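**Student:** build me a structure from this.
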Amino acid sequence: MAASSKVPSLRLPPLPTVGELIKLYKLRAEKQLSQNFLLDLRLTDKLVRQAGSLRGAHVCEVGPGPGGLTRSILNAGAADLLVVEKDSRFIPGLKLLSEAAPDRMRIVHGDILTYRMDRGFPAQISKPWEEDPPNLHIIGNLPFNVSTPLIIKWLENIANRTGPFTFGRTQLTLTFQKEVVERLTASTGCRQRSRISIMAQYLCTVRKCFVIPGQAFVPKPEVDVGVVHFTPLVQPQIQQPFKLVEKVVRNIFQFRRKHCHKGIERLFPEVCRAELTQEMMQQADVDPVLRPTELTIPHVRALTEAYAQLCAHEPDLLGYEFREELRLKHLSRNKRMPVDSTKSSPQPC
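**Tutor:** Purely as a prediction, here's the structure:
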């Protein structure tokens, strides 16, 4: 009974429009923060519907800004909406919304990149990972400058079942630049196939929902914006630590137009590069002349498993970074001093 009484009326009372609030509080989008406001409530309603039913749900909205998407979430029947906003200029307008939806909306003035979302919701909403997702959703019209680092952070949380994923397979409905959407959803062989394609798809079902034209935003960005829905998989398609998978995939896509063995080579110090690259490719049974964009997730799984086995025999391999070795060599040349390999990067071979 307590839960149902918490949402006596799903619709918000009459309020100033989002545009009127922007004028009232003299708000403007900050270009350096990649802010773009979505004011059309028909579009924000459509975005919210991609999350599924929010009636009685717990929701975290990322970067609500002037509150257009916030209104749609509340009107969809969310019982508990937590908004995390870094920019203090938007707090007064959000407080007005909170007062219009008593006991249904909480405001955190903070940075989503550091906010502990695992502390933001009651433990009793948790569901075992193997069951359906919990009634908890993350929704956001993300600023372009944080969208990629934020989804990488959340993907690592999914792999480790930490942060918002301590509650179970929490679903996400987020906006990205159209180019990033194409990378997130690109299938094997597509030109847009990239590091983030693999990282997202080995952990989640990734669904492109729809594209919002740039002119729908204020100010108008130079690109269109896509909405993407993520549902974490019960079993990730690669059973290796996130950091190891990320390292292998990052190296593979360093040379996205060359054969995949070129990137694999950079996983190993020069002294044993050719030998271990050949061993890893043979052990994984992956054709070394495939392009990175042609690699399937089973290919990548085989490569990460082969790399993990090599690291088990030579633990220092995992800490080796080709770019760090190049940087130290460059510094050494500039100082006209030899590289001290014992201090720079491990040479396990």
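**Student:** okay, helices next: where are they in this protein?
**Tutor:** Remark: helices assigned in the chain by DSSP state H are 2-5, 18-24, 41-49, 68-75, 91-100, 144-160, 178-185, 195-201, 242-252, 260-265, 273-284, 297-313, 322-334.
**Student:** can you give me the strands for the stretch 1-150 of the chain?
**Tutor:** Per DSSP state E, counting those that start in this stretch, the stretch 1-150 of the chain carries strands over the ranges 37-38, 58-62, 80-85, 105-109, 136-140.
**Student:** just the pLDDT at residue 180, thanks.
**Tutor:** At residue 180, the predicted lDDT confidence score is 96.
**Student:** neighbours of it, how many?
**Tutor:** Using other CB atoms under 10 Å, residue 180 has 23 other residues around it. In this view, the C-beta of every residue, glycine as well, is placed from N, C-alpha and C.
**Student:** OK, contacts around it?
**Tutor:** 147-148, 196, 226 (CB atoms under 8 Å, 6 or more residues apart in numbering).
**Student:** residue 259 now?
**Tutor:** Counting by CB under 8 Å, 6+ apart, residue 259 makes contact with 288-291.
**Student:** with residue 187 instead?
**Tutor:** Here residue 187 is in contact with residue 193 (CB under 8 Å, 6+ apart).
**Student:** got phi/psi on it?
**Tutor:** When quoted as degrees, to the nearest 10, the phi and psi of residue 187 stand at phi -90, psi 170.
**Student:** how near is the residue nearest to the spatial centre of the chain to residue 254?
**Tutor:** In the chain, the residue lying closest to the centroid (CA atoms, centre = their mean) is residue 151, at 0.8 Å. Using CB to CB, to the nearest Å, residue 151 is found at 20 Å from residue 254.
**Student:** and the helices of the chain: which comes nearest residue 209?
**Tutor:** helix 41-49 (7.8 Å; CB to CB).
**Student:** now do the buried residues in that closest one.
**Tutor:** Under the neighbour-count criterion of 16 or more other CB atoms under 10 Å, helix 41-49 has 43-45, 47-48 buried.
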